[in-house]
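Asker: Next comes the sequence, and after it the predicted model I'd like to discuss.
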Amino acid sequence: MKRFHVHVAVDQLEESVRFYSALFGHGPTVTHADYAKWMLEDPRINFAISQRGRKPGVNHVGFQVETPEELDELRVRIDAASDTVIEQQGIACCYARSDKHWVTDPSGIAWESFRTLGEAVIYGDEDHIEHPSNSTACASSACCTPASVGSSDIPRRCC
């Protein structure tokens with residue numbers, strides 16, 4: 001079953017955790033010094049916030065799936081929607097290890113489809129990752145959105 005995902009960059013994590021906890025009716029499922037996540041059932045959403053030096057606002061949106069088959073189904077849809085898809089396997093991002101695909105909509109909004117494989121003790125991979133779309137290496141940064149996906153204010157790196 002799919003779960004909608006929204007990741008918002010905030011400039012004051014503690015205040016934002018208090019706000020969203022009141023709005024959602026309970027505290028986050030996951031918390032770190034720079035990150036919090038709510039796994040809500042009503043509505044079914046993975047809502048995350050982070051304070052990692054990004055301009056406040058929507059970082060990216062997407063879909064979280066539970067099975068490899070659901071991720072493959074979304075990949076077919078993404079391929080139909082865009083010629084440029086970035087695929088990442090087993091990557092650490094947002095304190096979780098995931099297989100994922102990234103694409104940008106016509107307005108420049110980054111969309112992520114992913115399947116969580118387990119927890120990670122770091123926000124993002126420290127290893128250099130090769131971008132399939134432009135073959136330039138990137139290093140750890142303040143966000144998980146690959147450089148060639150999303151708006152121009154996203155650093156030319158990924159986690």
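Answerer: Yes, it's here. Numbering: from 1, shown residues only.
Asker: helix or strand right after whichever helix in the chain runs longest?
Answerer: Longest helix in the chain by number of residues (criterion: DSSP state H): helix 68-81. Remark: after helix 68-81, the chain's next helix or strand is strand 86-93, criterion DSSP states H and E.
Asker: Now do that following strand: which elements does it pack against?
Answerer: In terms of contacts (3 or more CB pairs under 8 Å, 6 or more residues apart in numbering; DSSP states H and E), strand 86-93 is packed against strand 96-104. All C-beta atoms are positioned from the backbone trio N, CA, C, and that covers glycine.
Asker: Describe which strands the strand it packs on pairs with in its sheet and in which direction.
Answerer: The pairing partners recorded for strand 96-104 under DSSP bridges are strand 86-93 (antiparallel), strand 110-119 (antiparallel).
Asker: Dump those strands to TSV, plus distance to Y20, mean neighbour count and mean pLDDT.
Answerer: Converted to TSV, those look like this (distance: least, CB to CB, whole Å; neighbours: other CB atoms under 10 Å; pLDDT from 0 to 100):
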stretch	distance to Y20	mean neighbour count	mean pLDDT
strand 86-93	20	18	91
strand 110-119	20	19	92
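Asker: Adding distance to A33, write the ones you listed out as TSV.
Answerer: Formatted as TSV, those follow (distance: least, CB to CB, whole Å):
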stretch	distance to A33
strand 86-93	16
strand 110-119	16
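Asker: so which of these gets nearest E41?
Answerer: strand 110-119 (16.1 Å; CB to CB).
Asker: Put the alpha carbons of that closest one into CSV.
Answerer: Taking Å, rounded to 0.1, in the frame of the first residue of the first chain, the C-alpha atoms of strand 110-119 are listed here in CSV:
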residue,chain,number,x,y,z
ALA,A,110,11.3,17.0,-6.9
TRP,A,111,9.3,13.8,-6.6
GLU,A,112,10.7,10.7,-4.8
SER,A,113,9.3,7.2,-4.9
PHE,A,114,11.0,4.9,-2.4
ARG,A,115,10.9,1.7,-0.4
THR,A,116,12.4,1.8,3.0
LEU,A,117,14.8,-1.1,3.7
GLY,A,118,15.6,-0.2,7.3
GLU,A,119,17.0,2.4,9.7
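Asker: what does it contact?
Answerer: Contacts to strand 110-119, defined as CB atoms under 8 Å, 6 or more residues apart in numbering, come from residues 5, 59-68, 70-71, 74-75, 78, 90, 95-105, 144-145, 149-151, 154.
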